[in-house]
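>>> Show me the folded form of this:
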Amino acid sequence: IQPNPCVWTDDPQYCPQPFQLSELYMDECTNLAFFDYYSESDYEFPIVWSVVFIYVYLCVAVLIVVGELGKKKRAKILATKRPARQANIPGQEVADGSGQALVAIELKSGQKGIKMPVSMKFGETPKKQIIIYSSGKILRQIDLRYQTQIIIRRAFDNDLLFLVHVPKEYDIILQAQSAVERSLFIEKIEGYLKGNGIEC
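Alright, predicted model coming up:
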């Protein structure tokens, strides 16, 4: 290969050159050009990204709405007290002034984060007992025949919590839905206990 391919040489040690190169055989030089991605997308680019952002916000909004609807549905189910299932358990319902069963959340002692909506019934004569149930299933039955005292304590740092202490057995921690419902629960439990000669 020749040291300078642009210069004619007939030296036999190099590959022969067909002819001497000159500007006559070269293409015209072109000016340096720049490519601008946005030059032809003045409208398309902002429109596309606007659609993307709107789509993302709509997805987030739909998720929030679905979550709120789920919360309202669960609250509605809790508020209805599930009356169709309560008829299976005999006893006097602990209810508000309109006859709707009061519902509280039982907090499991020693089991952090475990909560269960429960209602309460009083056993009818001759059965002296307090029945705590959820979804038609009896969870606890406090037999009052061998009890002389049931202790009820209010949480002073929380308007919703109260505790039912059964001596030598267990404690039941309940969270009412409002301060008014807590007062109703305690009033009705104390009334039932005193009516059966049990100190509280």
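>>> Where do the helices of this protein begin and end?
In the chain, the segments counted as helices under DSSP state H are 44-79, 83-86, 179-195.
>>> Buried residues, the first one. List them.
So that's helix 44-79. Using 16 or more other CB atoms under 10 Å as the test for burial, helix 44-79 gives no buried residues. Any C-beta I mention is one placed from the backbone N, CA and C, and that applies to glycine too.
>>> cool, and the last one?
By neighbour count on 16+ other CB under 10 Å, the buried set for helix 179-195 is Glu181, Arg182, Leu184, Phe185, Ile186, Lys188, Ile189, Tyr192, Leu193.
>>> picking up where we left off before, now tell me which of the helices of the chain the model trusts least on average.
Confidence, taken as mean pLDDT, is least for helix 83-86 of those (a mean of 44).
>>> tell me the centre residue of the chain?
Nearest to the mean C-alpha position of the chain, by CA atoms, centre = their mean, lies Gly67 at 7.2 Å.
>>> how many other residues sit next to the closest residue to Tyr14 other than its chain neighbours?
Of all residues not flanking Tyr14 in the chain, Gln2 sits nearest, at 4.5 Å (CB to CB, 6 or more residues apart in numbering). Neighbourhood size, Gln2 [other CB atoms under 10 Å]: 14.
>>> I'd like to check which residues are in contact with Gln2.
Thr9, Asp11, Tyr14, Cys15, Gln17 (CB atoms under 8 Å, 6 or more residues apart in numbering).
>>> Can you list the residue ranges for strands in the chain?
Assigned by DSSP state E, the strands in the chain fall at 92-93, 104-107, 115-122, 129-134, 137-143, 151-154, 161-166, 170-175.
>>> For the protein, name the helix or strand with the lowest mean pLDDT.
Ranked by mean pLDDT, DSSP states H and E, the weakest helix or strand in the chain is helix 83-86, scoring a mean of 44.
>>> How much space separates the closest residue to Gln175 other than its chain neighbours from Leu63?
Distance criterion CB to CB, 6+ apart; nearest residue to Gln175, sequence neighbours excluded, is Ile105 at 4.3 Å. Per CB to CB, to the nearest Å, Ile105 is found 26 Å from Leu63.
>>> ditto for Tyr192
Computed as CB to CB, the Tyr192 to Leu63 distance reads 46 Å.
>>> Please report the distance of Glu106 from Pro117.
Counting by CB to CB, the gap from Glu106 to Pro117 is 8 Å.
>>> intersection of neighbour lists for those two?
Shared contacts of Glu106 and Pro117, defined by CB under 8 Å, 6+ apart, comprise Ser134.
>>> Residue ranges in the protein under the pLDDT threshold?
Along the chain, segments meeting pLDDT under 70 span 1, 16-17, 19-21, 35-42, 77-88, 109-113.
>>> and the contacts of Gln2 as TSV, adding neighbour count?
Shown next, in TSV, are the contacts of Gln2 (neighbours: other CB atoms under 10 Å):
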residue	neighbour count
Thr9	14
Asp11	9
Tyr14	12
Cys15	9
Gln17	14
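>>> What is the neighbour count of the closest residue to Met120 other than its chain neighbours?
Leaving aside its chain neighbours, Met120 sits nearest to Val94 (4.2 Å; criterion: CB to CB, 6+ apart). By the criterion of other CB under 10 Å, Val94 has 22 neighbours.
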